[in-house]
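> 3D, please:
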Amino acid sequence: MYCEECQKRPATVHFTQIVNNKKTELHLCEECARHHQEFPFSFNFEPNFSIHKFLAGLLDGAVPVEVPVVEALQCPNCGLTYGQFGQIGRFGCSECYRVFGKGLEPLIRRVQGNDRHTGKVPRRAGGKLSFMREIEKLRAELQEAVRQEAYERAAELRDRIRQLEQEL
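Numbers count the residues shown, from 1 in each chain. Coordinates of the predicted model:
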């Protein structure tokens, strides 16, 4: 697809606007997009999206309180520091995950909303995992029931957990 304005270069910027359920699309090359006046925002072009730059950007301005201790660390295997990781957005080796582990937890929580994956699992492949998640949820409910001294509810939950564990 060529630029709708100059008809010379490939369209690499695609602008879609939806107003009152009416969709308008505009396909431009980078050069024409830089000079186009209709966009409600300014463009900052980079050749490709980089997940490394994205992660590095998440570290800017949102560094948790415990991270300064981590920033002083350096990977003994590749020599990368946490500060360098913040600049380039990727690790130098697999050992970096272990070395900078404490500093990663707040970052993962910020990106994912949690530090554990709780996404969807395909039904065919996730039978055992769905049982495990159900048991985990019931155990949390059981602890809450015991804390509230709702022992009848706790007994029901305990029996349900045992039943699921036998099925598993």
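> can we go C-alpha only for contacts and neighbour counts from here?
OK.
> give me the longest helix you can find in this protein.
The longest helix of the chain (DSSP state H) is helix 127-147.
> report the backbone C-alpha coordinates of the next helix or strand after that one in CSV.
Per DSSP states H and E, the first helix or strand lying C-terminal to helix 127-147 is helix 151-167. The C-alpha coordinates for helix 151-167 follow below in CSV (Å, rounded to 0.1, in the frame of the first residue of the first chain):
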residue,chain,number,x,y,z
TYR,A,151,-16.4,-23.4,60.9
GLU,A,152,-19.4,-25.0,59.0
ARG,A,153,-18.3,-23.2,55.9
ALA,A,154,-14.7,-24.2,56.5
ALA,A,155,-15.7,-27.8,56.8
GLU,A,156,-17.6,-27.6,53.4
LEU,A,157,-14.6,-26.0,51.8
ARG,A,158,-12.3,-28.6,53.3
ASP,A,159,-14.4,-31.4,51.9
ARG,A,160,-14.6,-29.8,48.4
ILE,A,161,-10.8,-29.4,48.4
ARG,A,162,-10.4,-33.1,49.3
GLN,A,163,-12.8,-34.1,46.6
LEU,A,164,-11.0,-32.1,43.9
GLU,A,165,-7.6,-33.4,45.1
GLN,A,166,-8.9,-37.0,44.6
GLU,A,167,-10.2,-36.2,41.1
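> helices and strands around helix 151-167, which ones?
Packing partners of helix 151-167 (3 or more C-alpha pairs under 8 Å, 6 or more residues apart in numbering; DSSP states H and E): helix 127-147.
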